[in-house]
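> Just the structure for this:
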Amino acid sequence: MVRKIVISLLEMPVGKSNGEYWTIANDYQEMNTLLRRMEQREFMERDIPWLIRRYKYYILSAVFFLLFILANWMYLAYAVRKRTKELKDTVEENLAFERENLKIKDRFESLQRVNSIAMISTMVAHELKQPLAVINNYAEGLGRRITKGRFKTPQEILPIIEEIRSEGQRASSIIDLVRRFGKKDKHERQTFDLGDLTAETVDMLIRVGTLTTGYELKCGKNILVTADRLNIEVVIINLIKNAVEACRAEASPMVVISVSAKDQDAEIIVEDNGPEISDEQFEKMKFVGNSTKKDGLGLGLAIVHELIEAHGGSLVLKRKKEGGLICVVRLPRCEEKE
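Numbering: from 1, shown residues only. Here you go, the predicted structure:
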């Protein structure tokens, strides 16, 4: 400011009338007094209004910045409250949905238990028909022979009684099997030759009059599996019974049973020359309760499928072009008997 005053004074033109002009004085006393007065005045004028005028843009910027922070904080607080309410509502909806799901699950399990009881009851009737029919036939034959006096010694009766006892034990074993099936218990497994079991089952079906069609049996040797022997016997019986019933009405009914080793598996194939199977009938075979026979319950293949899967095996159904069905059962094979 002093510099500007000095420059302004020095730039003033010289007076025209009397030749007066400004110059730098040699005595600085008055100048110093003037400067001291000016500095004091400048100091006294630096009050709050002066600060506001001088720094108003900075102050306005700070005020706007604080307002922005305040507005942002209020928005975030509102957003958090809103989101918290949404999450709370979502959690309540999920809890309500979960409770409803639990109710539906309980109802579904109740229906499943009822269905399982019905299925197991039907399985009992389905599987016990065979040994009970054998017991009945032996009992009637025994009664007729005794009536006609064909037994000369009591020892001649013993084989028939032994057969009846054997079938009774088999019926008891089937009941135990069905109970384990319903309770999902572990199966009692042992290692045995699958070919020998198949041959024994075929002989039994011939003796009791179930395998009444022509048949061909091809069993390999030393095909060992580790499984529940009764379960696999039930599988073989069901497959052969289904094949016999499927081709019974044919002119030359034929059932082919083969047991062989396939890679790491043991394979049972039961094949018949029954009538041609439509697409609809073939699809129905995959579901429990559906049967291609008029009086069938559709449980034979369902039981086979359940028992085979319980042993880590598989069941595959194939249609023959000329008519009939091929059932392929695979079970894990073991190398040696332990």
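> what sits against residue 270?
If you count contacts by Cβ atoms under 8 Å, 6 or more residues apart in numbering, residue 270 has them with 236, 239-240, 242-243, 255-257, 326-327, 329. All C-beta spots, glycine's among them, are computed from the backbone N, C-alpha and C.
> Mind telling me what element it is part of?
Assessed by DSSP states H and E, residue 270 sits inside strand 265-272.
> So what's the model's average confidence on the helix or strand just after that strand?
Next helix or strand after strand 265-272 toward the C-terminus (DSSP H and E): helix 279-284. The pLDDT scores in helix 279-284 average 80.
> got the angle for whichever helix or strand comes after helix 279-284 vs strand 265-272?
Later in the chain than helix 279-284, the nearest helix or strand by DSSP H and E is helix 300-310. If you take axes from the mean of the first three to the mean of the last three Cα atoms, to 10 degrees, helix 300-310 sits at 170 degrees to strand 265-272.
> how about the CA coordinates for the strand holding residue 270, as PDB?
These are the backbone C-alpha positions of strand 265-272, laid out as PDB (Å, rounded to 0.1, in the frame of the first residue of the first chain):
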ATOM      1  CA  ASP A 265     -19.100-106.800 -12.900                       C
ATOM      2  CA  ALA A 266     -21.100-109.900 -12.800                       C
ATOM      3  CA  GLU A 267     -24.000-109.900 -15.300                       C
ATOM      4  CA  ILE A 268     -27.300-111.700 -15.200                       C
ATOM      5  CA  ILE A 269     -29.400-111.500 -18.400                       C
ATOM      6  CA  VAL A 270     -33.000-112.800 -18.500                       C
ATOM      7  CA  GLU A 271     -34.500-112.800 -22.000                       C
ATOM      8  CA  ASP A 272     -38.000-113.800 -23.200                       C
END
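> re the thing from before, now render the contacts of residue 270 as TSV, adding neighbour count, distance to residue 229 and pLDDT.
Putting those into TSV (neighbours: other Cβ atoms under 10 Å; distance: Cβ to Cβ, whole Å; pLDDT from 0 to 100) gives the following:
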residue	neighbour count	distance to residue 229	pLDDT
236	23	11	89
239	26	16	90
240	23	17	90
242	24	21	86
243	27	21	89
255	26	22	93
256	17	23	93
257	22	17	94
326	15	25	91
327	22	20	92
329	25	15	93
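> The strand holding residue 270 pairs with which strands?
As defined by DSSP bridges, the strand partners of strand 265-272 come to strand 254-262 (antiparallel), strand 325-332 (antiparallel).
> how about these in CSV, adding distance to residue 149?
Shown next, in CSV, are those (distance: least, Cβ to Cβ, whole Å):
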stretch, distance to residue 149
strand 254-262, 39
strand 325-332, 47
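> And the ones you listed: which comes nearest residue 281?
Set against residue 281 and scored by Cβ to Cβ, those come closest in strand 325-332, at 9.9 Å.
> Contacts for that closest one, please.
Residues outside strand 325-332 that contact it (Cβ under 8 Å, 6+ apart): 194, 225-227, 232, 235, 239, 242-243, 246, 262, 264-272, 274, 277, 304, 308, 311-320.
> In ChimeraX, how would I select just the buried ones from those residues?
Typed into ChimeraX, the line below selects the buried ones among these, using 16 or more other Cβ atoms under 10 Å:
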select :194,225,226,227,232,235,239,242,243,246,265,266,267,268,269,270,271,272,274,277,304,308,311,313,315,319
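> quick one on the thing from earlier: make TSV from the contacts of residue 270 and add distance to residue 34 to it.
Below are the contacts of residue 270 laid out as TSV (distance: Cβ to Cβ, whole Å):
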residue	distance to residue 34
236	130
239	128
240	133
242	129
243	132
255	136
256	134
257	134
326	126
327	125
329	123
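> Run through the stretch 201-338 of the chain and note the low-pLDDT ranges.
For the stretch 201-338 of the chain, applying pLDDT under 70 flags the ranges 286-300, 335-338.
> tell me which element the residue nearest the centre of the chain falls in.
A centroid search over the chain (Cα atoms, centre = their mean) returns residue 105, at 15.5 Å, as the residue closest to the centre. Using DSSP H and E, residue 105 sits in helix 56-148.
> what angle separates that helix from helix 300-310?
Going by the same axes, to 10 degrees, helix 56-148 makes 120 degrees with helix 300-310.
> Summarise which helices and strands helix 56-148 is packed against.
Packing partners of helix 56-148 (3 or more Cβ pairs under 8 Å, 6 or more residues apart in numbering; DSSP states H and E): helix 158-183, helix 229-247, helix 300-310.
> Toward the C-terminus, what is the element adjacent to the first one?
Moving toward the C-terminus from helix 158-183, the first helix or strand encountered (DSSP H and E) is strand 190-193.
> Could you give the number of residues near the closest residue to residue 222 other than its chain neighbours?
Nearest residue to residue 222 in three dimensions, chain neighbours excluded: residue 193, at 6.5 Å (Cβ to Cβ, 6 or more residues apart in numbering). Applying other Cβ atoms under 10 Å, we find 19 residues neighbouring residue 193.
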